[in-house]
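> next come a sequence and a model predicted from it.
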Amino acid sequence: MKKTIIWAASVIGMGAVMALVFGAIDKPGTPRTISVVGECLTSAPKDRIAITLRVTTVDKNAAKSMKMATEKMAKITNMLKNMDVKMQTTEFDSYEKSEWNHVTQKSEKLGIETRIAVEVSTDNMEKIEQILNAFAGQDAIYTENLRMFTSAETLKPIMEKCLGVAMENARERANALVAPDGLDAGKLLSVSYGATGNTQSYSNFRIMAKAMTESAALDTGGSLVAKDTEVSVHVSAVFEIK
């Protein structure tokens, strides 16, 4: 009986060894890989001009303060609708406004302040000048944040092309590293990318295309000037070595 058990254990043990051997033969080897980084630097022209129009009203009554602000902003937007510009509300806030009284040395409540702001953008500088002239000096209406920026429509194809350049750069770098051994960078196994515009970083091209803007400056002649938007794309790629 003991001999039978020993013989059965031996057979099972040999079977396990054979299974391991044949399993190792049938299992494909893990491909050799190389990880590299590719980069692309370019720029995009600024093709749109924007300005922010802000309405501010203060009244002891909160409802009246908000009504005055909304009515003023409605007049502004109605006028702008005839100018073929893009508009986007960027602020709508109502809060208690206080001011420090230096005589009484106390903070005094002035009322409820309502602020409504709309960003107006166009590709025509003359329209921005018309807006500035139309609202200059008007009570409770303020113009601010005049700037130029690159539109998402212009930026998207430039970024996509830059991504392709970054991928080519990564493959060239991989080939250069394995060339001394007579090898080439083969199939792309994985890739991740990022993009930087100005000082902000974005991991998503759509978000970046909408968000990437730069502030413009006024030169001494009074004209709006701005450098092109700088675009940087980088990829981390893993290639199979063949």
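Alright, I've got the coordinates.
> how is the chain carved up into domains?
33-46+152-241, 48-149 (automatic domain parsing).
> how about CSV for these, with mean pLDDT and mean neighbour count added?
Heads up, the C-betas are built off the backbone N, CA and C, glycines and all. As requested, the domains of the chain are arranged in CSV below (pLDDT from 0 to 100; neighbours: other C-beta atoms under 10 Å):
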stretch, mean pLDDT, mean neighbour count
domain 33-46+152-241, 79, 16
domain 48-149, 92, 15
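> for the helix ranked longest in the chain, enumerate the helices and strands it packs against.
Selection of the longest helix in the chain by residue count, based on DSSP state H, yields helix 152-178. Packing partners of helix 152-178 (3 or more C-beta pairs under 8 Å, 6 or more residues apart in numbering; DSSP states H and E): strand 33-44, strand 185-197, helix 205-211, strand 229-241.
> what's the closest of those to V58?
Among those, the nearest to V58 by C-beta to C-beta is helix 205-211 (32.8 Å).
> relative to F135, which of the helices and strands packed on helix 152-178 is closest?
Smallest distance to F135 across the helices and strands packed on helix 152-178 (C-beta to C-beta): 26.9 Å, for helix 205-211.
> returning to what we had before: quick one: the longest helix of the chain to strand 33-44, angle?
150 degrees (axes from the mean of the first three to the mean of the last three C-alpha atoms, to 10 degrees).
> residue contacts, F135?
Residues near F135 by C-beta atoms under 8 Å, 6 or more residues apart in numbering: L53, I76, I141, T143.
> what's the closest non-adjacent residue to L183?
Of all residues not flanking L183 in the chain, I241 sits nearest, at 5.3 Å (C-beta to C-beta, 6 or more residues apart in numbering).
> isn't that neighbour up against G182?
No. With contact defined as C-beta atoms under 8 Å, I241 does not reach G182; the gap is 10.8 Å.
> assign G137 to helix, strand or coil.
In three-state terms, and counting by DSSP: H, G, I helix; E, B strand; the rest coil, G137 is coil.
> got phi/psi on it?
The phi/psi pair for G137 (degrees, to the nearest 10) reads phi 80, psi 0.
> gap between it and T143?
Distance, G137 to T143, using C-beta to C-beta, to the nearest Å: 10 Å.
> ok, now I116?
14 Å.
> anything in contact with each of these two?
Common neighbours of I116 and T143, counting by C-beta under 8 Å, 6+ apart, are R54.
> which residues touch K72?
V55, T57, I116, A140, I141.
> got those residues as CSV, with secondary structure and distance to K127 columns?
Output for the contacts of K72, formatted as CSV (DSSP: H, G, I helix; E, B strand; the rest coil; distance: C-beta to C-beta, whole Å):
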residue, secondary structure, distance to K127
V55, strand, 20
T57, strand, 26
I116, strand, 21
A140, coil, 23
I141, strand, 17
